[in-house]
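1. Give me a 3D structure for the following:
(chains A and B)
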Protein chains: 2
Amino acid sequence: MLDPPGVLPQAAWRLDPSPAIAPDEVLVRVDRLNLDAASYRQLRETYAGGPLGPNRIRAAVLDIITTRGKMQNPVTGSGGMLTGTVEEVGPESPLGLQPGQRIATLVSLTLTPLAIADGLAAWDGQSEQIPCDGHAILFARSIAAVLPDDLPVPLSLAVMDVCGAPALTSRVVQKGNIAVIIGAAGKSGSLSAAAARQAGASKVIGVVPTAAEAELLRHPPATQSSLVDEIVIADARDPMGLAEKVQDAGGPADVTVVCVDVAGCEGGAILSTSQGGTVIFFSMATSFSAAALGAEGLAADVTMLVGNGYVPGHAEFALDLLRSTPAVRALFERRVEQ
Amino acid sequence: MLDPPGVLPQAAWRLDPSPAIAPDEVLVRVDRLNLDAASYRQLRETYAGGPLGPNRIRAAVLDIITTRGKMQNPVTGSGGMLTGTVEEVGPESPLGLQPGQRIATLVSLTLTPLAIADGLAAWDGQSEQIPCDGHAILFARSIAAVLPDDLPVPLSLAVMDVCGAPALTSRVVQKGNIAVIIGAAGKSGSLSAAAARQAGASKVIGVVPTAAEAELLRHPPATQSSLVDEIVIADARDPMGLAEKVQDAGGPADVTVVCVDVAGCEGGAILSTSQGGTVIFFSMATSFSAAALGAEGLAADVTMLVGNGYVPGHAEFALDLLRSTPAVRALFERRVEQ
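-> Numbering: from 1, shown residues only, chains lettered A, B, ... in the order given. Okay, here's the model as predicted:
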């Protein structure tokens, strides 16, 4: 099944995507892939330019899937998720699924055996959501959620893709905390901002890179209220600049949540956080050593959490936040439509 | 000072090591570098083989320091620490040091401007401790500790190099917890095992890779008592194998501490930890994405901490653990002598 044998699926270079399932596995007919933001960004920047861009990015993604038996970007190490219809359920599968159900996987594509049958012909390369035909295997320890009836599929998918962030934010933020959300107008950022507020944060400070994103955050389309209490426009890769602006906006933070998919945000996040505070890193572009050595080098006594994409009940929690927070829904709908 | 300008020292490609200090800086005459274990391992594996090995590894380290103005291994991203004598203290330095004091830096070499004057001539390349002559600059936010009189310098240095690990372990482990220390016979591992026991762990399970290390842990030289309650011999890169053996030894853990400087231990650490438990990653070989996606892929509800090398009072805490725990001292003395 795995190459090399004995490693866990995520660490394996190659998975075997043949459609014969074991008694505890599930076969899914795939209709859509949703690439992780860091992965799509890398692919787009490398391949998508010029008139041949769509062909080149399609070929690049197909090559990865064919070579590795899974969609794991070899540069970023990251994957994404998929939707599809349950085709066959092994008699010992513990996932509780039934043939015909429309589902989304909540485990990373990096550990999901996958094969594509249509050459990704329906994808124009302009979005991280890839319509396709293919099949995937879910293991016994996989996590999959049945797609809700009351929300459009692309919207549910976009929410489920980042649903670990608001769940962990909600767990860490205490009543009265000051929370800083870096990348607050994005998908995981807007959900995390809503989660921080729901958890009782006394102030939520949203960091965005541009005036346009600030405007979006201040007045989400078709809604009356902002998701955050203060907005900071800053380059999160500039540690001193970010920390000063966060300070001016009422920081430093008790809890800082990093939700931007660019490298080099570790120092700014650490410097924007109080001694004794917590930084949650949700960006797959986070460097472990930059975080560890950065905090040490700044003599920063901060707790740093690796953003675990799994918290029990995370999909339902995030979908409920979207349903109950018009500003989050507006931001998501805008992003999904783009 | 920095190249590129405006970034924090650790993220900078190159620092300016010229010996003129700013009013809040300190000039140190360096007599010894202590390379981070992951960095030394990479250098040794790349350069140290064959009769020309010592020359090649010396040249490699010198080249890094000359090119970058600091000792930051470009492959591992990691550094280490140094000892020296305070030569000049700027009038506005907040570090409380005085000329003539023998000190060790507790910030990483990755953000310490450094120049070498003796070509590392006294180093045979056989140890991560490099005797040398040179100078270094401490910034206002640096951390340096005056070396204690009651312990040999190499021993104090070896302790201070890893002193963040036992301090954070002590903070996280609660009375009655089961603690698993991966790499328990090593420097950070043995201190973390002692810290877990002192914090009230009901059981400390030490994981080592070989029978020889197990014997060392079971009967540290010249001492009567083991540092741990159970010993597991396992390859920490084999997730299923490790988790099964930890289970057999009384696991899974409430708190798992990863103290081995090899890549690929994320899955095993996660699988060896209870749902709701905590993994502390102290190895600089940790991959952020392997940890984040691994936990998600295993549906593991574990808190994952980036091992922050700075906890207030960490050097004194670790030195006291060494003084009060004969088994730790024995293991350290054996490693420092080698």
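
2. continuing past the helix-or-strand element of chain A with minimal mean pLDDT, what's the next helix or strand?
-> Lowest on mean pLDDT, DSSP states H and E among the helices and strands of chain A sits strand A:2-3, with a mean of 56. Counting by DSSP states H and E, the next helix or strand C-terminal to strand A:2-3 is strand A:14-15.

3. Quick one: mean pLDDT over that next one.
-> Averaged across strand A:14-15, pLDDT comes to 82.

4. same for it, what does it pack against?
-> Identification of packing neighbours for strand A:14-15 by 3 or more Cβ pairs under 8 Å, 6 or more residues apart in numbering or on different chains; DSSP states H and E yields strand A:2-3, helix A:53-68. (Each C-beta comes from the backbone N, C-alpha and C, glycine too.)

5. Helix or strand next in line after that strand, which one?
-> Moving toward the C-terminus from strand A:14-15, the next helix or strand (DSSP H and E) is strand A:26-35.

6. got the angle for that following strand vs helix A:53-68?
-> Angle, strand A:26-35 to helix A:53-68, by axes from the mean of the first three to the mean of the last three Cα atoms, to 10 degrees: 140 degrees.

7. what about chain A, any weak spots by pLDDT?
-> A:1-8, A:11, A:222, A:338 (pLDDT under 70).

8. is the helix or strand where A:Gly294 lies up against chain B anywhere?
-> Per DSSP H and E: A:Gly294 is located in helix A:288-297. Yes - using Cβ under 8 Å from any Cβ of the partner chain, helix A:288-297 reaches chain B at A:Phe288, A:Ser289, A:Ala290, A:Ala291, A:Ala292, A:Leu293, A:Gly294, A:Ala295, A:Glu296, A:Gly297.

9. So which residues of chain A form strands?
-> For chain A, the strands defined by DSSP state E occupy A:2-3, A:14-15, A:26-35, A:80-89, A:102-105, A:114-116, A:129-138, A:144-146, A:178-182, A:203-208, A:230-233, A:253-258, A:273-281, A:303-306.

10. Of the ones you listed, give the one that comes closest to B:Met304.
-> strand A:303-306 (3.8 Å; Cβ to Cβ).

11. Quick one: distance of the closest one to the chain centre.
-> 17 Å (Cα atoms, centre = their mean, to the nearest Å).

12. Residues contacting that strand, please?
-> Where contact means Cβ atoms under 8 Å, 6 or more residues apart in numbering or on different chains, the residues beyond strand A:303-306 that reach it are A:168, A:172, A:270, A:277-281, A:286, A:291-292, A:295, B:281, B:288, B:291-292, B:295, B:303-306, B:308.

13. Now do the phi/psi pair for the spatially closest residue to A:Asp133 that is not a sequence neighbour.
-> Once flanking residues are discounted, A:Asp133 sits nearest to A:Asp118: 4.2 Å by Cβ to Cβ, 6 or more residues apart in numbering or on different chains. Per-residue torsions, A:Asp118: phi -110, psi 10 (degrees, to the nearest 10).

14. go on, A:Leu106?
-> Per-residue torsions, A:Leu106: phi -110, psi 10 (degrees, to the nearest 10).

15. Quick one: residues contacting it.
-> Taking Cβ under 8 Å, 6+ apart as the contact definition, A:Leu106 lies against A:Met81, A:Ile143, A:Ala144, A:Ala145, A:Met160, A:Cys163, A:Gly309, A:Tyr310, A:His314, A:Ala315, B:Glu296.

16. same deal with A:Arg141?
-> Counted by Cβ under 8 Å, 6+ apart, A:Arg141 has contacts B:Gly297, B:Leu298, B:Ala299.

17. repeat that with 6 Å
-> Counting by Cβ atoms under 6 Å, 6 or more residues apart in numbering or on different chains, A:Arg141 touches B:Leu298, B:Ala299.

18. For the residue of the stretch 151-300 of chain A at minimum distance from chain B, which non-adjacent residue is closest in space?
-> Residue of the stretch 151-300 of chain A nearest chain B, by Cβ to the nearest Cβ: A:Glu296 (3.3 Å). Counting by Cβ to Cβ, 6+ apart, A:Glu296 lies nearest to B:Gly309, which is 3.3 Å off, once chain neighbours are set aside.

19. close enough to count as contact, A:Arg197 and A:Gly206?
-> No - using Cβ atoms under 6 Å, A:Arg197 is not in contact with A:Gly206; the gap is 10.7 Å.

20. ok, back up a step: point out the most buried one among the strands of chain A.
-> The highest mean neighbour count among the strands of chain A, using mean count of other Cβ atoms under 10 Å in any protein chain shown, belongs to strand A:178-182: a mean of 32.

21. residues from chain A in reach of chain B?
-> By Cβ under 6 Å from any Cβ of the partner chain, the residues of chain A that approach chain B are A:8, A:10, A:77-78, A:107-108, A:110-111, A:141, A:143, A:239, A:267, A:284, A:286, A:288-289, A:291-299, A:301, A:304, A:306-310, A:312.

22. Any of these buried? List them.
-> Taking 16 or more other Cβ atoms under 10 Å in any protein chain shown as the criterion, what is buried in those is A:8, A:10, A:77-78, A:107-108, A:110-111, A:143, A:239, A:267, A:284, A:286, A:288-289, A:291-299, A:301, A:304, A:306-310.

23. Skip the chain neighbours and tell me the closest residue to A:Gly297.
-> Nearest non-adjacent residue to A:Gly297, counting by Cβ to Cβ, 6+ apart: B:Leu111, 4.3 Å away.

24. residues in contact with that neighbour?
-> So B:Leu111 contacts A:Gly297, B:Pro9, B:Gln10 (Cβ under 6 Å, 6+ apart).

25. could you redo the last one with a cut-off of 8 Å?
-> A:Leu293, A:Gly297, B:Leu8, B:Pro9, B:Gln10, B:Ala12, B:Leu15, B:Lys70, B:Gly79, B:Phe139.

26. ok, now A:Glu266?
-> Going by Cβ under 8 Å, 6+ apart, A:Glu266 touches A:Val258, A:Phe281, A:Thr286, A:Ser287, A:Ala290, A:Ala291, A:Gly294.

27. same thing with A:Arg334?
-> Neighbouring residues of A:Arg334 by Cβ under 8 Å, 6+ apart: A:Leu216, A:Pro220, A:Pro221.

28. one more time with 6 Å, if that's ok
-> A:Pro221.

29. One more: A:Gly307?
-> Per Cβ under 6 Å, 6+ apart, neighbours of A:Gly307: A:Ile280, A:Phe281, A:Phe282, B:Ala292.

30. again, but for A:Val262
-> A:Ala285 are the contacts of A:Val262 under Cβ under 6 Å, 6+ apart.

31. Please name the nearest non-neighbouring residue to A:Thr286.
-> What sits nearest to A:Thr286 in space, not counting adjacent residues and going by Cβ to Cβ, 6+ apart, is B:Phe288, at 4.7 Å.
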